[in-house]
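**Student:** Let me see the structure of the following:
(chains A and B)
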Amino acid sequence: MFAMRIKAIAVNTFREAIRDKILYSLLFFALMMIGSSLLVGSLTLGEYTKIIKDVGLAAISLFGTLISIFVGITLVNKEIDRRTVYTVLSKPIHRWEFILGKYGGLALTLAVEVAIMTIGFLGLVYYVSNEVAIGLLPAIGLIYLELLLLTAFAVLFSSFSTPMLSGLFTLSVFIIGHLTSDIRLHGGKSESYVVRTISNVMYYVLPNLENFNLKNQAVHNVAPAAGHLEFAVAYGILYATMVLMAAVVIFQGRDFK
Amino acid sequence: MDAIQIENLSKHYRSGFRMRRFEAVRDLSLTVKEGEIYGFIGPNGAGKTTTIKILMGLANPTAGSVKIFGKSVLEVAHKANVGFLPERPYFYEYLTAAEFLDFYGQLFNLSAPVRKKRIDELLERVSLSIHRDTPLRKFSKGMLQRVGVAQALINDPKLVVLDEPMSGLDPLGRMLIRDLILGLRKQGKTVFFSSHILSDVELICDRVGIILGGRRKEEGTLDQLLGHKERLIEVIARPVPGGMERLVEALRPLALELSTQGDRLLARLKDEAGKQQSLRIVLEQGGDIESVTQRRESLEDLFLDELNAVKQTGGPR
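**Tutor:** Down below sits the predicted model:
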């Protein structure tokens, strides 16, 4: 019963995303940046392929983040702003189905975007080194997982806040998420009890996005620590589920004015 | 069974930095019987849209109960029998008309063949068949409103709720929507719609409810609400060339109101005797009678009376 409704919302969200031109320009710049690694690489002595891999992974991560924040926020807020949500929620659909459908559509959009960037990236690596760099895929997989988690945050913030604020909040989660270990390390050395507590709370409440960072290992052909991949996948899925549940609870009680 | 039963509904919003309380709807009760067209009228800001949002589960009531076909609107399942068109709707403009309707059909779990059949029928019914594959961003306002009505009918609902379906449309667009609503009644459906365009309500509604300042002021059939009011007769006459002034002079003592447009004269008369007398005068002067219409006092007058009464007693807003 509910599967069809969630699928309908997801497909509709995906359709909206792929018919939006802004997304193509972001994708275009991402591919440009991956391509520009050729130039950067040629300016460096040796390590040519490593530089290309480094820049490419960074481009996928950066543009993936921009895309996930952009689509995550606009596609949820647009529904509320343009009041299309009125017609949808007046049908026999639960609000959690709407949120899940939206999220599903966003996840699908991101999957396609990341896939396109990955093909461009691996193609480039093959072009310069004749190497089919399968070893980079786990790192890209974890980047995708990080994007899924950020999108869940974007949906959560969009369920109660304005697009501008939601964007800022999600960006903050991204930045702090990559620094939580540092914040805890430096905050823990503080003499102030308040600072120590705040840095501890931030460490435990906000996600540690460094868990999804395998870029260095991948570039240097170092295998990730045993069990790390499994841990990161479980961590990402569990965290995203919790964030989405919070979004559902907030969205459930909301009055549309 | 009543199609809609609203009992003692209240809705408060808190807004602004100081969270000041604002009462959008106060102790509102109304019933809509199955198979009737019910006009829900009131000025902007009277609480019509808030009531409709609660009816559709888009906002939660602060107090009171709202039932559709005997079931609380807080349950999602009741919406399977309801179609809804919001006020000034925006739709997914990147979808084509057929994709758009298909999407809503899926939200009702309709199977693909049923959806296809309904989409064909509905596009035909709202005269948009040739625009089946046109993206909605290329639609005019009237076309959007019509595809919106089609969307509200995709599940073949027993009750159709329309929020200001005719606002912002040209006369032709209004007529199309009016005909659609009348067609629904013929099919035995219940229609609940809000409007501030009173002539539209007057033409098609079985019963009306007037809402002012979040409270229901009057409810009843048009005869009940307007029957006791005096009737008006309108005569449109065409005098002989050059005879307009003479005719105006002759009719002035009889008419409540006189106006001329080109070579035509419109006279509003308050009773049958006045009508007979003025018709005689027109004919005696060699003029032509173009039309005679009997008009009861319009809903508009009643509506303004209510508004004035509220203002005088210092009632809500």
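
**Student:** quick one, what contacts the closest residue to chain B within the stretch 151-257 of chain A?
**Tutor:** Ranked by Cβ to the nearest Cβ, the top residue of the stretch 151-257 of chain A for proximity to chain B is A:D255, at 4.1 Å. Where you see a C-beta, it was placed from the backbone N, CA and C, and this is true even at glycine. For A:D255, the contacting residues are B:13, B:53, B:58-60, by Cβ atoms under 8 Å, 6 or more residues apart in numbering or on different chains.

**Student:** Repeat the analysis, applying 7 Å as the threshold.
**Tutor:** B:59-60 (Cβ atoms under 7 Å, 6 or more residues apart in numbering or on different chains).

**Student:** do A:I116 as well
**Tutor:** So A:I116 contacts A:L27 (Cβ under 7 Å, 6+ apart).

**Student:** what's the answer for the one 5 residues further on, then?
**Tutor:** Residues touching A:F121, when contacts are defined by Cβ under 7 Å, 6+ apart, comprise A:34, A:56, A:60.

**Student:** And B:R26, by the same measure?
**Tutor:** Per Cβ under 7 Å, 6+ apart, neighbours of B:R26: B:10, B:214-215.

**Student:** taking those one by one, which sit in strands?
**Tutor:** Residues of these located in strands (DSSP state E): B:10, B:215.

**Student:** Provide the secondary structure category for B:G39.
**Tutor:** strand (DSSP: H, G, I helix; E, B strand; the rest coil).

**Student:** and the gap between it and chain A?
**Tutor:** Applying Cβ to the nearest Cβ, to the nearest Å, the value for B:G39 to chain A is 20 Å.

**Student:** Please enumerate the helices of the stretch 1-150 of chain B.
**Tutor:** With DSSP state H, counting those that start in this stretch applied, the stretch 1-150 of chain B shows helices at B:48-55, B:97-107, B:112-125, B:141-152, listed in chain order.

**Student:** Next, A:L214: phi, psi?
**Tutor:** With angles defined as degrees, to the nearest 10, A:L214 sits at phi -110, psi 10.

**Student:** Let me know the pLDDT of the closest residue to B:G188 other than its chain neighbours.
**Tutor:** Nearest non-adjacent residue to B:G188, counting by Cβ to Cβ, 6 or more residues apart in numbering or on different chains: B:G35, 5.7 Å away. B:G35 carries a pLDDT value of 91.

**Student:** A:G104 now?
**Tutor:** 95.

**Student:** before we move on, what about the one 3 residues further on?
**Tutor:** Taken from the predicted model, the pLDDT recorded for A:A107 is 94.

**Student:** Next up, the contacts around it.
**Tutor:** Going by Cβ under 7 Å, 6+ apart, the list of residues near A:A107 reads A:148, A:151.

**Student:** Check which helix or strand it maps to.
**Tutor:** Assessed by DSSP states H and E, A:A107 sits inside helix A:95-129.

**Student:** Name the residues of that helix that are buried.
**Tutor:** A:95-110, A:113-114, A:117-118, A:120-122, A:124-125 (16 or more other Cβ atoms under 10 Å in any protein chain shown).

**Student:** Over to stretch A:86-95?
**Tutor:** Quick answer for stretch A:86-95 (16+ other Cβ under 10 Å): A:86-93, A:95.

**Student:** Kindly report the same for stretch B:276-293.
**Tutor:** B:277-279, B:281-282, B:287.

**Student:** Any chance you could list what contacts it?
**Tutor:** Outside stretch B:276-293, the residues that reach it (Cβ under 7 Å, 6+ apart) are B:233-240, B:243, B:246-247, B:250-251, B:254-255, B:264, B:267, B:269, B:275.

**Student:** Kindly report the same for stretch B:1-15.
**Tutor:** Residues external to stretch B:1-15 that are found in contact with it (Cβ under 7 Å, 6+ apart): B:20-34, B:50-51, B:54-55, B:59, B:61-70, B:159, B:190, B:192.

**Student:** Quick one: mean pLDDT for that stretch?
**Tutor:** Stretch B:1-15 shows a mean pLDDT of 88.

**Student:** Out of the buried residues of stretch B:276-293, flag the one nearest to chain A.
**Tutor:** B:S278 (51.5 Å).

**Student:** Okay, and which of the buried residues of stretch B:276-293 map to helices?
**Tutor:** Assignment to helices by DSSP state H places the following of those there: B:277-279, B:281-282.

**Student:** tell me the mean pLDDT for stretch A:70-77?
**Tutor:** 86.

**Student:** so what pLDDT did the residue of the stretch 101-250 of chain B found nearest chain A get?
**Tutor:** When scored by Cβ to the nearest Cβ, the stretch 101-250 of chain B has B:Q106 as its residue closest to chain A, at 3.6 Å. At B:Q106, the predicted lDDT confidence score is 94.

**Student:** My read is that it contacts A:M4, right?
**Tutor:** Yes - here B:Q106 lies in contact with A:M4, judged by Cβ atoms under 7 Å, at a distance of 5.7 Å.

**Student:** who's more crowded, the two?
**Tutor:** Between B:Q106 and A:M4, B:Q106 has the larger neighbour count (other Cβ atoms under 10 Å in any protein chain shown), namely 23 against 15.

**Student:** What strand or helix carries the closest residue to that one other than its chain neighbours?
**Tutor:** Distance criterion Cβ to Cβ, 6+ apart; nearest residue to B:Q106, sequence neighbours excluded, is A:A8 at 3.6 Å. Using DSSP H and E, A:A8 maps to helix A:2-18.

**Student:** Which positions within the helix or strand following that helix qualify as buried?
**Tutor:** Sequence-wise, the next helix or strand downstream of helix A:2-18 (DSSP H and E) is helix A:21-42. By neighbour count with 16+ other Cβ under 10 Å, helix A:21-42 contains the buried residues A:23, A:26-27, A:30-31, A:33-35, A:37, A:41.

**Student:** Get me the contact residues on chain B for chain A.
**Tutor:** Proximity of chain B to chain A is confined to B:53, B:56-60, B:76-77, B:79-80, B:84, B:86, B:89-92, B:94, B:103-104, B:106-109, B:151 under the rule Cβ under 7 Å from any Cβ of the partner chain.

**Student:** Can you go through those and name the buried ones?
**Tutor:** Among the residues of chain B next to chain A, those classed as buried by 16+ other Cβ under 10 Å are B:53, B:56-59, B:79, B:84, B:86, B:89-92, B:94, B:103-104, B:106-109, B:151.

**Student:** correct me, but A:G177 touches A:L206?
**Tutor:** Yes - using Cβ under 7 Å, A:G177 makes contact with A:L206 at a distance of 5.8 Å.

**Student:** According to the record, where do the domains of chain B fall?
**Tutor:** Chain B breaks down by automatic domain parsing into domains covering B:2-226, B:231-296.

**Student:** which among the buried residues of stretch A:86-95 are in contact with chain B?
**Tutor:** Within the buried residues of stretch A:86-95, those near chain B by Cβ under 7 Å from any Cβ are A:86-93.

**Student:** Please identify the deepest-packed of the domains of chain B.
**Tutor:** domain B:2-226 (a mean of 19; mean count of other Cβ atoms under 10 Å in any protein chain shown).

**Student:** Model confidence score at the residue lying closest to A:W96 once chain neighbours are set aside, please.
**Tutor:** Spatial nearest neighbour of A:W96, excluding adjacent residues (Cβ to Cβ, 6+ apart): A:V248 at 4.5 Å. Here, the pLDDT recorded for A:V248 equals 93.

**Student:** Run a quick neighbour tally on A:V248.
**Tutor:** 20.

**Student:** now it, what's its secondary structure?
**Tutor:** Applying three-state DSSP: A:V248 is helix.

**Student:** Looks like it contacts A:E97 (just checking).
**Tutor:** No - with contacts counted by Cβ under 7 Å, A:V248 stays clear of A:E97, the gap being 9.5 Å.
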